[in-house]
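> from the sequence below, what's the structure:
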Amino acid sequence: MAHRELRLPLTAHGRLDRALADALGVGRAAVKQAFALGEVRVRGRRARASDPAEPGAPVALDLELSGGPIAPDLDLPLRVLAEGPDWLVADKPAGVATHPLREGETGTLASAVVARYPECAAASPDPRDGGALQRLDLETSGCVLFARAPAAWEVLRAQLAARTVEKVYLALAAGRVASGGVCSVPLAARTGRVVAVPDLERPPRSTGAPRPAETRFEVRRAFAQHTLLEVRIVTGVMHQIRAHLAYLGHPVAGDELYGGAAAALPGLGRHFLHAAVLGFERPEGGRVRVESPLPPELERVLGTLGAGG
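Purely as a prediction, here's the structure:
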């Protein structure tokens, strides 16, 4: 199964299952299976296949991936932040999926990478990953690490497993965060999202097994009603930063899934989360620290916020 997040096109209409199949470019059978398993959520709530499609609504679902090699995509622009003989770090734009869900699918970061670096297609055990060692959420931008050879993939994957890779994010949180801190509340999967489990002896119903998660954050800049945070994650649970900040009462700005109306911010068409730094030991030796600048659309949003007191 592969997790996918998207926003329905503004032209979406009719039944939700048909609109999803069209938006994803997959057969209705795959979408039908996701609904049958209860794996489709719209705005965080479980949806039915017969529900009317809501234009622009955020949708999360799990789909069965088809096998086969990744399809290269030269039409999708690619920005490489740094590279070595056996690795590269690409700059993922918001709204672009990290990897494809089905054979022949294009328009993903991995598709763009494989088009310029065809050796990446054979670097990862699963060819659908196109050598990608990380997966960012659809609306999250920034650094993504790719291997260009199987041996490099193993070396880099071992660093991720050992938690020696430096991962720094910039997140705009709703509300005033007084100071930095650490959130170590375990997280458990619940169709299309994760939930905090502060009491391991009484986990919420209908969730998977709680997983350890640690998120560290520091205040970078205070605004009138928001706080720009520098966030470091030790673990790598799906939606970890988004879920932890929401649990603390400061959801990521623009994050409808975890913050709802409280996270809304005029002029922001995505959630404000950016993978700004990636540091690791290069397979050929020596440590490297790669930085991705804040995208222009997020810089513009910061410019509209009132100064903090």
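
> tell me the domain ranges of this protein?
2-63, 69-162, 168-273 (automatic domain parsing).

> in CSV, list the ones you listed along with mean neighbour count and distance to Gly303.
Yep, even glycine has a C-beta here, placed from its N, CA and C like the rest. Output for the domains of the chain, formatted as CSV (neighbours: other CB atoms under 10 Å; distance: least, CB to CB, whole Å):
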stretch, mean neighbour count, distance to Gly303
domain 2-63, 17, 24
domain 69-162, 20, 18
domain 168-273, 19, 10
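
> comparing those domains, which yields the minimum mean pLDDT?
For the domains of the chain, mean pLDDT drops lowest on domain 2-63, to a mean of 85.

> before we move on, back to that, closest one to Pro293 among the domains of the chain?
Taking CB to CB, domain 69-162 is the member of those nearest to Pro293, at 8.6 Å.

> turn the domains of the chain into a markdown table, columns for distance to Pro283.
Formatted as a markdown table, the domains of the chain follow (distance: least, CB to CB, whole Å):
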| stretch | distance to Pro283 |
| --- | --- |
| domain 2-63 | 27 |
| domain 69-162 | 4 |
| domain 168-273 | 20 |
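
> for Val288, find the nearest of the ones you listed.
Here domain 69-162 is closest among those (CB to CB), at 6.5 Å.

> ends of that closest one, what's the gap?
29 Å (CA to CA, to the nearest Å).

> check the offset of it from the chain's centre.
Centroid separation between domain 69-162 and its chain, computed with CA atoms, centre = their mean, to the nearest Å, is 14 Å.

> contact partners for the spatially most central residue of the chain?
The residue lying closest to the centre of the chain (CA atoms, centre = their mean) is Asp137, at 1.4 Å. The contact partners of Asp137, by CB atoms under 8 Å, 6 or more residues apart in numbering, come to 5, 239, 242, 271, 273.

> which residues touch the first one?
Contacts for Glu5 were tallied using CB under 8 Å, 6+ apart; they are 58-60, 137-139, 192.

> which one of those is nearest Pro125?
Asp137 (22.6 Å).

> for the stretch 201-309 of the chain, what spans make up the helices?
240-247, 256-259, 296-304 (DSSP state H, counting those that start in this stretch).

> give me the contacts around the last one.
So that's helix 296-304. 94, 141, 170, 172, 221, 223, 228, 253, 265-270, 272, 274, 294.

> got phi/psi on the nearest residue to Ala122 once chain neighbours are set aside?
In space, and not counting its chain neighbours, Ala122 is closest to Pro150: 7.0 Å by CB to CB, 6 or more residues apart in numbering. Main-chain torsions, Pro150, degrees, to the nearest 10: phi -60, psi -40.

> same check, this time on Thr98
phi -70, psi -40.

> dump the residue contacts of the closest residue to it other than its chain neighbours.
Take Thr98 and drop its neighbours on the chain: the residue closest to it by CB to CB, 6+ apart is Arg135, 4.5 Å away. Residues near Arg135 by CB under 8 Å, 6+ apart: 98-99, 144.

> please redo it, this time with the cut-off set to 10 Å
Contact partners of Arg135, counting by CB atoms under 10 Å, 6 or more residues apart in numbering, are 2-3, 92, 97-99, 109-110, 129, 144, 236, 238.

> in terms of helices and strands, where is Trp153?
helix 150-162 (DSSP states H and E).

> other residues contacting that helix?
84-87, 119-120, 122-125, 129, 131-134, 145-147, 149, 164-167, 236, 279-284.

> in helices, which of these appear?
Taking DSSP state H, every one of the contacts of helix 150-162 sits outside helices.

> return the subset of those lying in strands.
84, 87, 145-147, 166-167, 279-281 (DSSP state E).

> surely Arg282 is in contact with Pro85?
Yes. If you go by CB atoms under 10 Å, Arg282 and Pro85 touch, sitting 8.9 Å apart.

> what comes up buried for stretch 282-290?
Neighbour counts over stretch 282-290 (16 or more other CB atoms under 10 Å) mark 282-283, 290 as buried.

> from Glu105, how far out is Leu265?
31 Å (CB to CB, to the nearest Å).

> who does His274 bridge with?
With DSSP bridges applied, His274 shows beta-bridge pairing to Ser141, Leu170.

> test my guess that it contacts Lys167.
No. In this structure His274 lies outside contact range of Lys167 using CB under 10 Å: 11.7 Å.
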